[in-house]
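Engineer: 3D, please:
(one chain, ligands or ions: 1)
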Amino acid sequence: MNEQNLYHPVQIGSTSVAGNLFLAPLAGYTDIPFRSLCIEAGADFTYTEMVSAEGLAREGEKTLVLMDRAPNEDQYAIQLFMGNTDSLKAAIEQLRPYQPQVIDINCGCPVPKVTKTGAGSAMMKNPKLITEVVRILTDLTDIPVTVKFRTGWDAQNENFLAFAQAALDGGASALTLHARTRTQGYAPFADWSKITELKRYCIEHHYSVPVFGSGDLFHAEDAKRMLEQTGIDGVMFARGAIGNPFIFSQAKAILAGNVPQPVTIAMRKHAIFRHLDLMIDTYGEKTACTLMRKHTCSYLKGIPNTATVKQAVVQALSREQYEEALSQLVDL
Ligand SMILES: Cc1cc2nc3c(=O)[nH]c(=O)nc-3n(C[C@H](O)[C@H](O)[C@H](O)COP(=O)(O)O)c2cc1C
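Structural biologist: Below you'll find the model as predicted:
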């Protein structure tokens, strides 16, 4: 495949997406401000943080808020998690007014609080359940349903091909593989050969659904490497986008055969304030300043001698204090 072909539109069921560089769902990170910022930076498609189907069915206010769409988010996916089918009907009624372009099912979360209910990566132990969930959702709505999963529960149970087949049996419109087992958590290294295997499986079995890849996409050039190595249809930046939304435009430049623009300290500072302002719009100034701490530390990662700046940032409770804290940061 030549470089021009690696960046292209993708079709997810009835949803056409202009490009194939996605922002992955990241609980605790991919809220409205961060998704907005990544779209401004070039993300082609975005996912909400994972939303509990049961929480939706209970009409929990905190759960409903997770489904709000960012003002510049023309298209987005709402990601749901569930350990059974009990709440699905009620959940879909709560979700319907939000009109997402895709509903994604989380089958990868390794957190015990989630897996002990049979949800997240525990779904991989029960492929029949994913068939049922996807089938119910596709029966209840016209919104394409997609599934994001891992290679298996552990090294002894790497059942991602059988699991993919189960999702396809239910009518899934796309598959995303995070190339690690549940036991591996987020440790290095994701095994991209499993992503290649999944794409091959879909081709051999004449499934035209797109396959997306996730795992260890920390640099813009990783997108090109994954697309080239695996032959998949698109990639999802996850931790690589935290503190580094520039990864999207850089990856686009690389896929177009150009040299990406290096990220300067001035660019990082500008992104911090843009992010903070989007946070203030969503949460109000004080909460925004608190929530921005972890993001700001990520933006500053790799810049030498930022200990004092970070110290000032974690104490800042207003935009003015943020400005003061970051004024110590000089462009090199
Ligand atoms: C803090 C954090 C939160 C995450 N939340 C979700 C989530 O809500 N839904 C999901 O499908 N995956 C979630 N993931 C997994 C990521 O989407 C991605 O698949 C994983 O981080 C691997 O990509 P990476 O190695 O490039 O970071 C999360 C990962 C992290 C680190």
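Engineer: contact partners of stretch 65-73?
Structural biologist: In this structure, residues lying in contact with stretch 65-73 by Cβ atoms under 8 Å, 6 or more residues apart in numbering are 32-33, 35-36, 39-40, 46, 48-49, 51, 76, 78, 95, 98, 100. Just so you know, the C-beta spots here come from the backbone N, C-alpha and C atoms, and that holds for glycine as well.
Engineer: go again using 10 Å as the cut-off
Structural biologist: For stretch 65-73, the surrounding residues in contact (Cβ atoms under 10 Å, 6 or more residues apart in numbering) are 27, 30-40, 43, 45-46, 48-52, 55-56, 60, 75-76, 78-80, 94-95, 97-101, 278, 281-282.
Engineer: pLDDT value on whichever residue of the stretch 51-200 of the chain sits closest to the ligand, please?
Structural biologist: At 3.8 Å from the ligand, residue 178 is the closest residue in the stretch 51-200 of the chain, using Cβ to the nearest ligand atom. pLDDT, residue 178: 98.
Engineer: Residue 203 too?
Structural biologist: Note on residue 203: pLDDT of 98.
Engineer: Could you pick out the residues of the protein near the ligand for me?
Structural biologist: Within reach of the ligand by Cβ under 6 Å from any ligand atom, the chain has these residues: 24-29, 49-50, 79, 106, 108-109, 148, 178, 186, 190, 214-217, 238-240.
Engineer: Report the buried members of these.
Structural biologist: For the residues of the chain next to the ligand, a neighbour count by 16 or more other Cβ atoms under 10 Å gives the buried set as 24-27, 29, 49-50, 79, 106, 108-109, 148, 178, 190, 214-217, 238-240.
Engineer: can you tell me which of the residues you listed are in strands?
Structural biologist: If you go by DSSP state E, these have 49-50, 79, 106, 148, 178, 214 in strands.
Engineer: How about the lengthiest helix in the chain, which residues are buried there?
Structural biologist: For the chain, the helix with the greatest residue count under DSSP state H is helix 265-283. In terms of neighbour count (16+ other Cβ under 10 Å), helix 265-283 has its buried residues at 265, 268-269, 271-272, 274-276, 278-280, 282-283.
Engineer: Likewise for stretch 292-307?
Structural biologist: Using 16+ other Cβ under 10 Å as the test for burial, stretch 292-307 gives 292, 295-300, 306.
Engineer: Give me the subset of the residues you listed lying in helices.
Structural biologist: Taking DSSP H, the ones among those that sit in helices are 292, 295-300.
Engineer: quick one, helices of the stretch 151-300 of the chain?
Structural biologist: All helices of the stretch 151-300 of the chain, identified by DSSP state H, counting those that start in this stretch, fall at 160-170, 192-204, 220-230, 246-255, 265-283, 285-300.
Engineer: Now tabulate those helices in JSON lines and tack on distance to residue 133.
Structural biologist: Shown next, in JSON lines, are the helices of the stretch 151-300 of the chain (distance: least, Cβ to Cβ, whole Å):
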{"stretch": "helix 160-170", "distance to residue 133": "7"}
{"stretch": "helix 192-204", "distance to residue 133": "19"}
{"stretch": "helix 220-230", "distance to residue 133": "26"}
{"stretch": "helix 246-255", "distance to residue 133": "31"}
{"stretch": "helix 265-283", "distance to residue 133": "30"}
{"stretch": "helix 285-300", "distance to residue 133": "32"}
